[in-house]
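>>> Here is my input, please return the structure:
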Amino acid sequence: QVQLVESGGGLVQAGGSLRLSCAASGSTFRPYTMAWFRQAPGDEREFVAAEHRSYGNTYYSDSVKGRFTISRDNAKSMVYLEMNNLKPEDTAEYYCAASRSVILSQIRSKGAYNYWGQGTQVTVST
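Below is the predicted model of the structure:
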């Protein structure tokens, strides 16, 4: 099992930047595919970004591609989400997720992840 704790959320003006961090503990980190999802009030939890455990390839939703970057530091058991040029529609609770068994066709599916953090709030003002 792995425990996930997010940090780095906050209030930022449109056009600004934030870096979210997710600390993993409780299990060897390298075998896990790591992802970020977000959920705005009244909306479904949606995929933001992921990095596959085996290939190191990264995947992004169309809405964040070119603005957000996912990265991981296996030595520190950390995953990051660098968010640039933030927009008000990026406002949401952001969740870190992990799984050892995600296949590429399911990497954007929240059902493929069995470990979740508690979330960190990101609010982008106009």
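>>> The spatially most central residue of the chain and residue 63, how far apart?
Nearest to the geometric centre of the chain sits residue 36, at 1.8 Å (CA atoms, centre = their mean). For residue 36, the distance to residue 63 equals 13 Å [CB to CB, to the nearest Å]. Every residue, glycine included, has its C-beta placed from N, CA and C.
>>> Can you name the residues that contact residue 63?
residue 89 (CB atoms under 8 Å, 6 or more residues apart in numbering).
>>> again, only this time at 10 Å
38, 46, 47, 48, 87, 89, 90 (CB atoms under 10 Å, 6 or more residues apart in numbering).
>>> tell me the secondary structure for it?
When classified by DSSP: H, G, I helix; E, B strand; the rest coil, residue 63 comes out as coil.
>>> From residue 21, how far off is it?
Noted for residue 63: a distance of 21 Å to residue 21, by CB to CB.
>>> swap in residue 105?
Taken as CB to CB, the span from residue 105 to residue 21 is 28 Å.
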